[in-house]
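Participant: How does the following fold in three dimensions:
(2 chains)
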Number of protein chains: 2
Amino acid sequence: MTCSIEDVKFDSQGLVPAIAQDAENGQILMMAWMNKLSLERTLLEGRAVYWSRSRQEFWRKGDSSGHIQEVLSLSLDCDGDTILMQVKQTGAACHTGARSCFFRELSA
Amino acid sequence: MTCSIEDVKFDSQGLVPAIAQDAENGQILMMAWMNKLSLERTLLEGRAVYWSRSRQEFWRKGDSSGHIQEVLSLSLDCDGDTILMQVKQTGAACHTGARSCFFRELSA
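Facilitator: Model prediction:
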């Protein structure tokens, strides 16, 4: 089953969460946000382009760090409000230098 | 590195996105939202308890469908605003009957 950007339901701020999964080993690398334009750029360029909520600007992953994310495929969830990307990650996904942003165990 | 619920940054609506990943094969099953109380219940019960934004009520995954999510571990991302759970999924995670909610390919 396929779908297009028209099927994506952006939230009240015009954003949708996008999860980046390492296509090689299934590791979840990070989650960030996209607006419609950054999703269009991601689809067009085959590279993850997020929208930085803190900086209020496009965030073309790897432009400053070199840690680019080549997007191999994208999928949309059943209700259209979350995106999952299979990516080929160069270097570390996390700004801390960790491969994945999810390096802290959360316990009670 | 470990952390606690005090390190979680809930958004302006008091919510945090929680990604459920199949601990057996790494498949991303779904993403839904938690508030502080549902996260506390998840940590306490070892079962995924979300907050349904549409119904504005707790959503203890599997209570009506039987498709429960046993939570084996949780992690928090670097900036504290997204949770990743390793789960043991009974049956289908998606209300459509699909194993994962991400069954639609998104293309340009």
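Participant: how about A:S4, what does it touch?
Facilitator: Contact analysis of A:S4 by Cβ atoms under 8 Å, 6 or more residues apart in numbering or on different chains lists B:L106, B:S107, B:A108. (Each C-beta comes from the backbone N, C-alpha and C, glycine too.)
Participant: now that we have these, which one has the most neighbours?
Facilitator: The most neighbours of any of the contacts of A:S4, using other Cβ atoms under 10 Å in any protein chain shown, belong to B:L106, which has 23 neighbours.
Participant: quick one: it and A:I83 touch, right?
Facilitator: Yes: counting by Cβ atoms under 8 Å, A:I83 is a contact partner of B:L106 at 6.7 Å.
Participant: Mind listing the shared neighbours of those two?
Facilitator: Common neighbours of B:L106 and A:I83 (Cβ under 8 Å, 6+ apart) are A:V8, A:L74, A:S75, A:L76.
Participant: does the residue of chain A found nearest chain B sit in a helix or strand, and which one?
Facilitator: In chain A, the residue that lies nearest chain B is A:G26 (2.9 Å; Cβ to the nearest Cβ). Assigned by DSSP states H and E, A:G26 belongs to no helix or strand.
Participant: Leaving out sequence neighbours, find the closest residue to it.
Facilitator: Among residues not flanking A:G26 along the chain, B:G26 sits closest, at 2.9 Å (Cβ to Cβ, 6 or more residues apart in numbering or on different chains).
Participant: ok, now which ones touch the spatially closest residue to A:E105 that is not a sequence neighbour?
Facilitator: In space, and not counting its chain neighbours, A:E105 is closest to B:T2: 4.7 Å by Cβ to Cβ, 6+ apart. Shown in contact with B:T2 (Cβ under 8 Å, 6+ apart): A:R104, A:E105, A:L106, A:S107.
Participant: now those residues in TSV, with secondary structure and pLDDT?
Facilitator: Below are the contacts of B:T2 laid out as TSV (DSSP: H, G, I helix; E, B strand; the rest coil; pLDDT from 0 to 100):
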residue	secondary structure	pLDDT
A:R104	strand	97
A:E105	strand	98
A:L106	strand	98
A:S107	coil	95
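Participant: Give me the most central residue, chain A.
Facilitator: A:A18 (4.1 Å; Cα atoms, centre = their mean).
Participant: Now do that residue, the pLDDT please.
Facilitator: At A:A18, the model reports a pLDDT of 98.
Participant: so what's it bridging to?
Facilitator: When assigned by DSSP bridges, A:A18 has beta-bridge partners A:A32, A:I83.
Participant: Over to A:C3?
Facilitator: Beta-bridge partners, per DSSP bridges, of A:C3: B:L106.
Participant: Verify the contact between it and B:L106 for me.
Facilitator: Yes: if you go by Cβ under 8 Å, A:C3 and B:L106 touch, sitting 5.6 Å apart.
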